[in-house]
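Trainee: Structure for the following, please:
(chains A, B, C and D)
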There are 2 protein chains.
Amino acid sequence: MDRRQRKTRKAIYQAFEDLVSEKPYAQVTVAQIIDRADIGRSTFYEHFETKDELLNDMCTEMFDHIFAGVNSHCVTHRALQTGDLEGRLAHLLYHLRDTYDGICGKLLKEGEPVFTSYFRQRLAELIEENPPHIPGDMPHDLALDLFVSAFVETVVWWFSHGLKADPQDLASWFMRMLGQPSSHVVKAIAE
Amino acid sequence: MDRRQRKTRKAIYQAFEDLVSEKPYAQVTVAQIIDRADIGRSTFYEHFETKDELLNDMCTEMFDHIFAGVNSHCVTHRALQTGDLEGRLAHLLYHLRDTYDGICGKLLKEGEPVFTSYFRQRLAELIEENPPHIPGDMPHDLALDLFVSAFVETVVWWFSHGLKADPQDLASWFMRMLGQPSSHVVKAIAE
DNA sequence: GTTTATACCGGATACAGTGTTCGATAACTA
DNA sequence: TAGTTATCGAACACTGTATCCGGTATAAAC
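Mentor: Presented below is the predicted three-dimensional model:
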């Protein structure tokens, strides 16, 4: 790829990230992105058809990055066994916190449709790979939806409280709230 | 109130409801509302400042109507005891189904911010008036948020499946999913 | 270093939607 | 009947999107 293209793309991404962290996605205009990235109007449209496509591309990149590590062993956090949903969710929370300056939480909180549907999709896959216990008479897809939306809400709550709570505590709360066993013991006072 | 005003307001509401049931709220334009209601452009703006204010007014009216009955005795459904969250939620589901041609479910599904925040607000109040059991070490506001979003998701699921499931079954599933006791027994096969 | 390709620029333009203004007309009220 | 008020609709200003196109700068190929 041409160096100029790389440079332009990078400038657009950076400007976009900055703007999204400053104001709601819906209020970010193409004109602002162009201004911030310091590029010509037509140049933007040679890279992306619309603002939504830019977000779309960004989501793909973000989620590939974030979820790539969740199912693999990670040195900084603890090892995982297959079926350990709680561990994987905690792991995911670490990645969400450490990446993209919390714009994930922001986009979720805004209920931005593109981002939210990507996240829900990936979450659903993660949960299905590590299936929790579900009462027999309950529709399986409903249970899955409830797990997904409850976890999304957990992340939103976390973000709204400045990402202060410990990811493992959060994952444990989430699991127990959904009637699942949790191996983690939440300490009353942080030490 | 002038008969002309009443007539205009009614026409706007009707056109708006129709349009929202036909397409996503975001894609409904003021021009379309005016067209459908068969009124002049400036007339619309003499009644509502923006499209969002129209939705806002409509939400107030809808929720006052829907939630008014939920906390009172209702002849068509079963009697309620204080603290019977499951009963009240089932009751709420009946009202949601029987009112406004399912546009409530539609707006929720779209994640329309104004409508959703109204609904969540009312739901939170309902839940706080009939508090469920929450593990001691869990942040109370997080638990409340999880209850709210899980119930919203339940309604969305219900709507997406054509409102076919029985409200009491739905409420029971919801309660048990959140680790709450449920008095209702879901019948495997409808009779 | 010259050639060739192509990415970028930016002004012009078409378009869709919002919200306001205002004088004329029709409908209501006292 | 006289006075008030709602409605109408065309015109206008404004914001934002997306495209077009000739001119310029930069990178890659030889």
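
Trainee: quick one: low-confidence parts of chain A?
Mentor: For chain A, residues meeting the criterion pLDDT under 70 lie at A:71-82, A:187-191.

Trainee: which bits of it sit near DNA strand C?
Mentor: Neighbours of DNA strand C within chain A, by C-beta under 7 Å from any atom of the strand: A:2, A:4-5, A:7-8, A:38-43, A:46-47. Just so you know, the C-beta spots here come from the backbone N, C-alpha and C atoms, and that holds for glycine as well.

Trainee: now, the most widely separated pair of those?
Mentor: Using C-beta to C-beta, the pair of the residues of chain A next to DNA strand C lying farthest apart is A:2 and A:41, separated by 19.5 Å.

Trainee: Comparing these two, which residue is more hemmed in?
Mentor: residue A:41 (10 against 7; other C-beta atoms under 10 Å in any protein chain shown).

Trainee: now the closest residue to residue A:48 other than its chain neighbours, what's its secondary structure?
Mentor: Excluding its sequence neighbours, the residue lying closest to residue A:48 (C-beta to C-beta, 6 or more residues apart in numbering or on different chains) is residue A:54, at 4.5 Å. Put simply, residue A:54 is helix when judged by DSSP: H, G, I helix; E, B strand; the rest coil.

Trainee: ok, residue A:54 to chain B distance?
Mentor: 19 Å (C-beta to the nearest C-beta, to the nearest Å).

Trainee: Burial check on that residue, number of neighbours?
Mentor: Residues lying near residue A:54 (other C-beta under 10 Å) number 21.

Trainee: Please tell me I have it right and it contacts residue A:16.
Mentor: Yes: under the criterion of C-beta atoms under 8 Å, residue A:54 makes contact with residue A:16 at 6.0 Å.

Trainee: Could you name every residue contacting both of these two?
Mentor: Here residue A:54 and residue A:16 share the contacting residues residue A:33, scored by C-beta atoms under 8 Å, 6 or more residues apart in numbering or on different chains.

Trainee: Output the residues of chain A next to DNA strand C as TSV; include the columns secondary structure.
Mentor: Formatted as TSV, the residues of chain A next to DNA strand C follow (three-state DSSP):
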residue	secondary structure
A:2	coil
A:4	helix
A:5	helix
A:7	helix
A:8	helix
A:38	coil
A:39	coil
A:40	coil
A:41	helix
A:42	helix
A:43	helix
A:46	helix
A:47	helix
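
Trainee: could you pick out which of those residues are near DNA strand D?
Mentor: Restricting the residues of chain A next to DNA strand C to those near DNA strand D - C-beta under 7 Å from any atom of the strand - leaves A:2, A:4, A:41, A:42.

Trainee: any chance of those residues in a markdown table, plus distance to residue B:159?
Mentor: Formatted as a markdown table, these follow (distance: C-beta to C-beta, whole Å):
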| residue | distance to residue B:159 |
| --- | --- |
| A:2 | 48 |
| A:4 | 49 |
| A:41 | 41 |
| A:42 | 43 |
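
Trainee: DNA strand D: which of these is nearest?
Mentor: residue A:42 (3.4 Å; C-beta to the nearest atom of the strand).

Trainee: Quickly list the domain ranges of chain A.
Mentor: A:3-48, A:54-177 (automatic domain parsing).

Trainee: Indicate whether stretch A:22-36 makes contact with chain B.
Mentor: No: using C-beta under 8 Å from any C-beta of the partner chain, stretch A:22-36 stays clear of chain B, coming no nearer than 9.4 Å.

Trainee: check which helix or strand covers the most centrally placed residue in chain A.
Mentor: For chain A, the residue nearest the mean C-alpha position is residue A:104 (4.9 Å; C-alpha atoms, centre = their mean). Per DSSP states H and E, residue A:104 falls inside helix A:103-110.

Trainee: and what of residue A:124?
Mentor: helix A:113-129.

Trainee: Would you mind getting the angle between the helix or strand that comes right after that helix and helix B:140-160?
Mentor: The helix or strand immediately downstream of helix A:113-129 is helix A:140-160, counting by DSSP H and E. Interaxial angle, helix A:140-160 versus helix B:140-160 (axes from the mean of the first three to the mean of the last three C-alpha atoms, to 10 degrees): 140 degrees.
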